[in-house]
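[1] Provided below for reference: sequence and predicted model.
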Amino acid sequence: MCGRFAMSVSELEILQEFGIEGEIPDFQPRFNIAPGQKVLTIIHDGNTKRIGYLKWGLVPSWAKDTKIGYKIINARSESAHEKPSFKKLLASKRCLILADSFYEWKKQESSKQPKRIYLKNRKVFAFAGLWDKWQLDDQQLFTCTILTRKANNFMGKIHERMPVILPKEKQDDWITPIKREPSYMHDFIENLQIEELDAYNVSDIVNSAKNDCKECIEPLLN
DNA sequence: CCAGACGTTGTT
DNA sequence: GTCTGG
DNA sequence: CCAGACGTTGTT
DNA sequence: GTCTGG
């Protein structure tokens, strides 16, 4: 699963890495992003690639209220193409969710050790995400969820599952403004090459989402 | 047909 | 135990 | 994901 | 909105 991550690189690095023009409103590096918070994302609206924020935790357009969002922070990529809640989003509401690392808590006998996982090349990357727009009267809400898959060999040492990370050369493909068959997107994900990952232990200061500070991403000594 | 769920992870 | 907040 | 709250009525 | 269960 993926329930916490970081996006601590500079604005300039993001603009360059994802080929975006202009600037990012309210930009700030984040060290401890939790469900329910805004996350930096890129979509293609048919004309241009747009960078902006979505709230993490999917609230489908049909939801009667927004409470469901707290639960749908991930979507299983193995079955998303046949689930009523995700099928249509997979066809036409795909987004990049920007990150430079994510956290997993490895279970020990009686405790949990938080770990920071990042690309071996240490670059900023993109999770494969789905988004939706929810509306009721004059309220509207744009939300997203992170697709997951079975852990690869490396991640398996830490956790059963892992987020879907898009290799750089597949990012534009993922957000192409063309409607795709859900099963096509399922195969697309299944055939992705999983990036080389690395990990280190971090302080349990990261446990509390109130601590959005640099110490969260620093290697734990001893 | 209508009613009711629609999700994930981890744990039991 | 379950829900909310971060 | 984890942490922390979770309730009412009446009185101050 | 769309799918499943009855």
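    Yep, it's here.
[2] quick one, what contacts the residue in chain A that DNA strand D sits nearest to?
    Nearest residue of chain A to DNA strand D: residue A:3, at 1.9 Å (CB to the nearest atom of the strand). For the C-beta atoms, the positions are set from N, CA and C on the backbone; glycine is no exception. For residue A:3, the contacting residues are A:34-35, A:73-74, A:103, by CB atoms under 8 Å, 6 or more residues apart in numbering.
[3] emit the PyMOL select command for whichever of those residues are buried.
    The PyMOL selection below is limited to those of the contacts of residue A:3 classed as buried (16 or more other CB atoms under 10 Å):
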select buried, chain A and resi 34+35+73+74+103
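[4] rebuild the contacts of residue A:3 as a markdown table, extending it with pLDDT and distance to residue A:202.
    As requested, those are exported to a markdown table (pLDDT from 0 to 100; distance: CB to CB, whole Å):
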| residue | pLDDT | distance to residue A:202 |
| --- | --- | --- |
| A:34 | 97 | 15 |
| A:35 | 96 | 19 |
| A:73 | 96 | 20 |
| A:74 | 96 | 21 |
| A:103 | 98 | 7 |
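[5] near DNA strand C, which residues of chain A show up?
    By the rule CB under 7 Å from any atom of the strand, the part of chain A lying against DNA strand C is A:4, A:34-37, A:67, A:70, A:209-210.
[6] kindly indicate which of the residues you listed lies nearest residue A:202.
    When the residues of chain A next to DNA strand C are ranked by distance to residue A:202 (CB to CB), residue A:4 comes first, at 10.7 Å.
[7] with adjacent residues omitted, what lies nearest to the closest one?
    Nearest-residue entry for residue A:4: residue A:103, 4.3 Å, with adjacent residues in sequence omitted and distances by CB to CB, 6 or more residues apart in numbering.
[8] show me the helices in chain A, by range?
    Along chain A, counting by DSSP state H, helices occupy A:11-18, A:87-92, A:153-156, A:171-174, A:182-190.
[9] where does pLDDT dip in chain A?
    Counting by pLDDT under 70, chain A has low-confidence residues at A:222.
[10] how about the residues of it that lie near DNA strand B?
    Residues of chain A lying close to DNA strand B by CB under 7 Å from any atom of the strand are A:1, A:62, A:68, A:71-72, A:74-76, A:79-80, A:83-86, A:107, A:148, A:159-161.
[11] among these, name the buried ones.
    In the residues of chain A next to DNA strand B, burial by neighbour count holds for A:1, A:68, A:72, A:74-75, A:80, A:85-86, A:148, A:159, A:161, counting by 16+ other CB under 10 Å.
[12] and those residues, which is closest to DNA strand E?
    When those are compared for distance to DNA strand E (CB to the nearest atom of the strand), residue A:85 wins out at 6.1 Å.
[13] which single residue of chain A ends up nearest DNA strand B?
    Taking CB to the nearest atom of the strand, chain A has residue A:71 as its residue nearest DNA strand B, at 2.6 Å.
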